[in-house]
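Got a predicted model here, sequence first, then my questions.
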Amino acid sequence: MERARREFLDDLLRTASPSGFEAPSQRIWTEYVSEFADQVWTDEYGNAVAVIEGGDPTIALAGHSDEIGFMVRDIEDDGSLRLTRIGGSDNTVSQGQHVVVHTDDGPVDGVIGQTAIHLRDRSDDSQTDISEQHVDIGAEDDEEAAELVERGDPITFDQTISELEGQRIAARGLDNRIGIWAAAEGLRRAAESDPEATVVAVSTVQEEVGLQGAKMVGFDLAPDVAIATDVTHATDATGTPGDRSSGVELGEGPVVARGSTNHPRVVAAARAAADSEEIDVQLQAAGSQTGTDADAFFTSRGGIPSLNVGVPNRYMHTPVEMLDLRDLDATADLLSAIALDAHNREFSVSI
């Protein structure tokens with residue numbers, strides 16, 4: 001991956017953006033796309049849009065900027081902070097982790113406490129619910145804690161980017177900074193070839209709490225085609241239950257979903273673009289829904305032909321999500337190729 005592109009990815013990964021608090025990440029994204037887009041804007045809730053002007057059709061390349069996290073629910077008398085979830089935070093990986101409370105006055109460091117194994121009932125191996133867990137910021141009492149944090153302050157894991165073997169990395173929040181990276185990069189790469197279609201990159205908000213941003217921006221933009229890029233489960237990791245295997249592997253290329261949300265003509269366009277550019281892709285069955293912004297786009301404005309393109313990801317919704325940078329780079333190439341070929345295709349009729 002080129003140095004400038006990797007720096008953009010790292011900037012996104014180092015910037016906390018839990019659902020409802022995406023502004024810092026969106027500022028990085030809009031600054032990046034402003035270098036090559038004809039227009040850039042944000043809406044009232046922070047969805048960010050960048051446009052390369054062309055003719056018909058209008059194709060939207062989207063990812064969501066928000067990540068899962070926690071929020072200060074209450075402050076106990078002893079100064080500890082009680083938690084509530086933002087999105088699908090996993091209570092099995094949260095205890096014993098370093099966290100940051102993001103306050104209006106700046107970050108406050110803390111840890112999610114875990115009673116030492118010596119003091120626990122070893123016959124009880126049940127998991128503690130998020131609502132019963134607490135953050136210790138070192139405050140001696142509630143008055144000291146209340147001077148530092150407030151109810152409703154968001155919390156994220158304090159996690160670094162780990163460089164693993166080959167071209168693999170692990171980090172918090174790959175879900176879904178890699179999607180907005182790919183949308184921006186797909187737009188930039190398409191712009192280099194002067195696309196005949198109008199190409200729009202979108203960085204949505206609040207996907208993790210119900211696809212809310214995509215509902216807003218999908219209605220507002222009303223593109224002819226929408227492609228949502230998100231992480232998808234690489235089920236080649238040790239420990240994956242056999243009955244949940246999808247055949248998706250890390251390092252084997254972007255994933256084109258088929259079924260339900262995924263319009264057959266957009267699927268065909270993606271596969272044709274991959275063949276033309278010699279991009280290896282994997283297929284995935286999505287019989288009911290994709291669990292991504294594509295599920296919101298495809299029902300907007302009476303129906304927008306949509307597709308979910310996935311980037312293989314191990315250990316989703318943990319602080320150590322893993323991807324292969326080659327998959328991510330190939331995803332941006334695929335999005336660009338689909339956009340550049342869009343003017344040659346008809347998407348509005350499925351039969």
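That came in fine, so what should we check first? Numbering: from 1, shown residues only.

Can you give the distance of stretch 8-15 from its chain's centre?
Centroid separation between stretch 8-15 and its chain, computed with CA atoms, centre = their mean, to the nearest Å, is 12 Å.

same deal with stretch 148-166?
On the basis of CA atoms, centre = their mean, stretch 148-166 sits 15 Å off its chain's mean C-alpha point.

For that stretch, which residues meet the burial criterion?
Of the residues in stretch 148-166, those scored as buried under the neighbour-count criterion (16 or more other CB atoms under 10 Å) are 148-149, 153-159. Backbone N, C-alpha and C define where each C-beta goes, glycine included.

now stretch 289-300
With burial defined by 16+ other CB under 10 Å, the residues of stretch 289-300 counted as buried are 290-298, 300.

Now for those: which two are most distant?
Among the buried residues of stretch 289-300, the pair separated by the greatest distance (CB to CB) is 291 and 300, at 17.1 Å.

hang on, the earlier thing: return the member of the buried residues of stretch 148-166 nearest to residue 127.
residue 157 (17.2 Å).

list the contacts for that closest one?
Each residue near residue 157 by CB atoms under 8 Å, 6 or more residues apart in numbering is listed here: 69, 97-100, 172, 319.

Buried among these? Make that a PyMOL selection.
One line in PyMOL is enough to select the buried members of those, burial here meaning 16+ other CB under 10 Å:
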select buried, resi 69+97+99+100+172+319
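
can you name the two of the contacts of residue 157 that are farthest apart?
Among these, the pair separated by the greatest distance (CB to CB) is 69 and 98, at 13.4 Å.

returning to that earlier point: would a markdown table of the contacts of residue 157 with distance to residue 85 be doable?
Supplementary listing: the contacts of residue 157 in a markdown table, determined by distance: CB to CB, whole Å:
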| residue | distance to residue 85 |
| --- | --- |
| 69 | 8 |
| 97 | 14 |
| 98 | 18 |
| 99 | 13 |
| 100 | 16 |
| 172 | 15 |
| 319 | 15 |
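
Give me the domain ranges for this protein.
What the record gives for the chain is the domain set 3-67+172-344, 72-157, from automatic domain parsing.

what mean pLDDT does whatever helix or strand residue 170 lives in have?
Taking DSSP states H and E as the definition, one finds residue 170 inside strand 168-171. Taken as a whole, strand 168-171 has an average pLDDT of 98.

any low-confidence regions in the stretch 201-350 of the chain?
Low-confidence segments of the stretch 201-350 of the chain, defined by pLDDT under 70: 349-350.

Strands of that one, residue ranges please.
Under the criterion DSSP state E, counting those that start in this stretch, strands of the stretch 201-350 of the chain are mapped to 225-233, 255-258, 282-285, 306-313, 321-324.
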